[in-house]
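In: build me a model:
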Amino acid sequence: MFLYISISLFCILFTVIYERCSYGEYSWYMRGMFLYPLLGGVGASLIFFKKNVNYWSVRLWNSALAVLTCGSLLHGIIAVSGRSSEYDWCYYAMGAAFAVSAVINYVRSELQAGKPFYR
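Out: Residues are numbered from 1 along each chain as shown. Now for the predicted structure:
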């Protein structure tokens with residue numbers, strides 16, 4: 001959980017420094033970039049704190065958060081520069097695909113172990 005909070009703080013610091021150097025221009029994508037590791041990482045850590053979660057589910061979930069954070073950063077940098085890109089949706093689609101894969105993998109592993117999803 002400490003790692004996710006550290007990444008969120010780094011994203012906030014990066015956004016503040018980038019906005020100071022961009023002559024007053026900003027992007028809501030870059031301002032919201034810290035939410036992916038904060039909500040996705042810390043939230044998932046709090047939910048599954050006592051559970052033994054499948055290795056691949058955790059790795060896929062971390063990949064989803066990394067792709068979404070990087071996609072938000074890239075979209076923000078492009079928006080601040082005054083341009084647009086038609087490939088921004090790829091990051092969000094891949095992030096969603098990783099997240100869905102992580103959930104499916106978690107559900108499958110819980111079903112194979114014969115454990116319920118809730119406690």
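
In: isn't Y18 right next to M30, touching?
Out: Yes: counting by Cβ atoms under 8 Å, M30 is a contact partner of Y18 at 6.7 Å. Where you see a C-beta, it was placed from the backbone N, CA and C, and this is true even at glycine.

In: mind listing the shared neighbours of those two?
Out: 76-77, 80 (Cβ atoms under 8 Å, 6 or more residues apart in numbering).

In: which of those tops the neighbour count?
Out: Counting neighbours by other Cβ atoms under 10 Å, G76 comes out on top of the shared contacts of Y18 and M30 with 23 neighbours.

In: and the pLDDT for the residue nearest to that residue when sequence neighbours are not counted?
Out: Leaving aside its sequence neighbours, G76 sits nearest to M30 (Cβ to Cβ, 6 or more residues apart in numbering; 2.7 Å). Reported pLDDT at M30 in the predicted model: 92.

In: with the one 4 residues further on instead?
Out: Confidence at F34, expressed as pLDDT, is 96.

In: likewise for the one 3 residues further on?
Out: Among the per-residue scores, P37 shows a pLDDT of 95.
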